[in-house]
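Q: predicted structure and sequence below. I'll ask about it afterward.
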Amino acid sequence: MELSEAIAELDALEAAGLAAFREAGSPEAVEAARIEYLGQKQGKIKAAQQRLKQVEPSARKDYGQRFNAVKTALEAAWESAKARVDRPAAASGLDVTLPGTPRPRLGHRHPLTQTADELIDLFGRLGFGVARGPEVEDVFHNFEALNIPPAHPARDPADNFYLSDGALLRSQTSTIQIRVMERQPPPVRIVAIGRVYRPDAVDPTHSFMFHQIEGLMVDRGVTMAHLKSTLRLFAEGYLGTDVKIRFRPSFFPFTEPSVEVDMLWHGGDRWVEMGGAGMVDPDVLRAVGYDPEEVTGFAFGLGVERLCMRKHGIDDIRLFTTNDVRFLSQF
Ligand code: DAH
């Protein structure tokens, strides 16, 4: 091939390539021009380089020089075309100084679920197994078997969520005591955690739904001393050894004697009720077929939200159910 002819081809290639990069208006168009002219496999520059072999040996140096100049010019045109098409994106509001997409955050268990697990673990170390019972209960297990007679104010429709004749959302986890004793002979040593429902007006310390942890221990020779030391050990285990709890005489139809258990709140200026407890009434034992001359038992029912609030300094029970991640993410 004549040198002049080969050089003319290089000139035409340069002109066409420069025009292509000049006219490319988008990153895609610039990339297409790059592939057409500078592509490693089938680009026109590559082809022009291979044409060197067709040039007479004496003219190869001249051809090579011109080829290098064209190649350099097209590479420079590509660089500046790239820079040109990238700029409009920045101008259109892409702020490259903004932080990147954050890593997805791992979820975790709800604070009450964590509390329930901790309580079960603590009582487990004291030898208590875990029992369960239904949230939709019958009047027998929620009241009758617990010695709460038909005329008792605790059965008032205004204080319970009755569903239909003989069924209601349980108002206390004490129902589970009965279900466990019906199922198995003594000895018994269980805790049960679950939701209970009462139509209370909602405020920072009340809700129409909350959780209780119920405990029941029945065996030969169980006394009030066992009850008190169990609850003390538990309170110290969950709230710390500096916690103060106290027992006040009280009344529940299913225990005799009965106590209410208070814990000293943060700041030490206020006692807050942790729950109720007592020695299982002999009538309750008899009704499930236990012999109160043979075995005695203690029982307790504690408010799970209260315990969790005392432990973590939470001041409003509604936070547990409003799904505010600023609250939930702290646990
Ligand atoms: N069930 C009672 C309540 O909800 C609490 C309670 C009191 C549970 C005494 C007990 C108990 O097991 O022995 O107010």
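A: Ah, there it is. All values reported here derive from a predicted model rather than from experimental measurement. Residues are numbered from 1 along each chain as shown.
Q: average pLDDT for stretch 303-314, rounded please.
A: The average pLDDT for stretch 303-314 rounds to 96.
Q: using CSV, write out every CA atom in that stretch.
A: The C-alpha coordinates for stretch 303-314 follow below in CSV (Å, rounded to 0.1, in the frame of the first residue of the first chain):
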residue,chain,number,x,y,z
GLY,A,303,-46.0,-7.2,86.4
VAL,A,304,-43.4,-7.7,83.6
GLU,A,305,-43.6,-4.2,82.2
ARG,A,306,-43.1,-2.7,85.7
LEU,A,307,-40.0,-4.9,86.2
CYS,A,308,-38.6,-3.9,82.9
MET,A,309,-39.4,-0.2,83.5
ARG,A,310,-37.7,-0.3,86.9
LYS,A,311,-34.6,-2.0,85.5
HIS,A,312,-34.2,0.3,82.5
GLY,A,313,-35.5,3.6,83.9
ILE,A,314,-38.5,3.7,81.5
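Q: does the ligand sit close to that stretch?
A: No - counting by CB under 6 Å from any ligand atom, no contacts exist between stretch 303-314 and the ligand, the nearest distance being 8.4 Å. The C-beta positions use only the backbone N, C-alpha and C, and glycine is treated the same way.
Q: now that stretch: buried residues?
A: 303-311, 314 (16 or more other CB atoms under 10 Å).
Q: and what of stretch 324-331?
A: Here stretch 324-331 shows residue 328 as buried, counting by 16+ other CB under 10 Å.
Q: thinking again about what came up before, in a markdown table, list the buried residues of stretch 303-314 along with secondary structure.
A: What follows is the buried residues of stretch 303-314, written out as a markdown table (DSSP: H, G, I helix; E, B strand; the rest coil):
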| residue | secondary structure |
| --- | --- |
| 303 | strand |
| 304 | helix |
| 305 | helix |
| 306 | helix |
| 307 | helix |
| 308 | helix |
| 309 | helix |
| 310 | helix |
| 311 | helix |
| 314 | coil |
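Q: helix, strand or coil for residue 214?
A: strand.
Q: for the closest residue to residue 44 other than its chain neighbours, list the residues it contacts.
A: In space, and not counting its chain neighbours, residue 44 is closest to residue 37: 5.1 Å by CB to CB, 6 or more residues apart in numbering. By CB atoms under 8 Å, 6 or more residues apart in numbering, residue 37 lies in contact with 13, 17, 20-21, 43-45, 74, 78.
Q: name the nearest of the residues you listed relative to the ligand.
A: residue 78 (78.9 Å; CB to the nearest ligand atom).
Q: can you name every helix or strand that the one helix or strand the closest one maps to contacts?
A: Assigned by DSSP states H and E, residue 78 belongs to helix 60-91. When contacts are defined as 3 or more CB pairs under 8 Å, 6 or more residues apart in numbering; DSSP states H and E, helix 60-91 packs onto helix 3-23, helix 27-38, helix 44-50.
Q: can I get those helices in CSV including distance to residue 188?
A: CSV is the format used below for the helices and strands packed on helix 60-91 (distance: least, CB to CB, whole Å):
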stretch, distance to residue 188
helix 3-23, 86
helix 27-38, 74
helix 44-50, 87
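Q: could you identify which of those is most buried?
A: helix 27-38 (a mean of 17; mean count of other CB atoms under 10 Å).
Q: could you export that one as CSV, CA atoms only?
A: Provided in CSV are the C-alpha atoms of helix 27-38 (Å, rounded to 0.1, in the frame of the first residue of the first chain):
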residue,chain,number,x,y,z
PRO,A,27,-22.0,8.6,28.9
GLU,A,28,-23.5,5.8,26.8
ALA,A,29,-22.6,7.6,23.5
VAL,A,30,-19.0,8.3,24.7
GLU,A,31,-18.6,4.6,25.6
ALA,A,32,-20.0,3.6,22.2
ALA,A,33,-17.5,5.9,20.4
ARG,A,34,-14.7,4.5,22.6
ILE,A,35,-15.6,1.0,21.6
GLU,A,36,-15.8,2.0,17.9
TYR,A,37,-12.4,3.8,17.8
LEU,A,38,-10.3,2.7,20.8
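Q: fine by me, thanks again.
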